[in-house]
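[1] need the 3D shape of this:
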Amino acid sequence: MIGECIAYDSKDDTDRFYRVVGTEDYIAEYLVGAVMEQFAFLRAQDTMGKYIDTPDFIAPLGYDIWE
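    So this is what the prediction gives:
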């Protein structure tokens, strides 16, 4: 599901970004030490208006998906 860490916010060292295994159209954001401590999934902006395959573990989370 979640791959290796690919980036972090240089202004906030608790904000990390991870590769999502099986797709290049999403990344996962994680805030270390946050109250809920769960991933947020971000879709690539250049996929707006395109059909892409949303991974099975993201679809049921209720995110608004660009059509």
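[2] right, and Ala40 touches Tyr26 too?
    No - applying C-beta atoms under 8 Å as the test, Ala40 and Tyr26 come out as separate, 10.4 Å apart. In short, each C-beta sits where N, CA and C put it, glycine included.
[3] list the buried residues for the helix or strand hosting Arg16?
    Assigned by DSSP states H and E, Arg16 belongs to strand 12-20. For strand 12-20, a neighbour-count test (16 or more other C-beta atoms under 10 Å) marks Arg16, Tyr18, Arg19, Val20 as buried.
[4] any idea of the mean pLDDT in the next helix or strand after that strand?
    Using DSSP H and E, the helix or strand that follows strand 12-20 towards the C-terminus is strand 26-31. Throughout strand 26-31, pLDDT has a mean value of 92.
[5] same thing with stretch 4-23?
    91.
[6] same check, this time on stretch 37-55
    86.
[7] for that stretch, give me every contacting residue.
    1-2, 18, 20, 22-31, 58, 61, 63, 65-67 (C-beta atoms under 8 Å, 6 or more residues apart in numbering).
[8] same thing but at 10 Å, please
    Stretch 37-55 has contacts (C-beta atoms under 10 Å, 6 or more residues apart in numbering) with 1-2, 16-18, 20-31, 34, 57-61, 63-67.
[9] and the buried ones among those residues, selectable in PyMOL?
    In PyMOL, a selection of the buried entries from those looks like this (16+ other C-beta under 10 Å):
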select buried, resi 16+18+20+23+25+26+27+28+30+31+58
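[10] mind putting the buried residues of strand 12-20 into CSV with distance to Lys50?
    As requested, the buried residues of strand 12-20 are exported to CSV (distance: C-beta to C-beta, whole Å):
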residue, distance to Lys50
Arg16, 27
Tyr18, 23
Arg19, 20
Val20, 17
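[11] widest-spaced pair of those?
    Using C-beta to C-beta, these reach their maximum pairwise distance at Arg16 and Val20, which is 13.2 Å.
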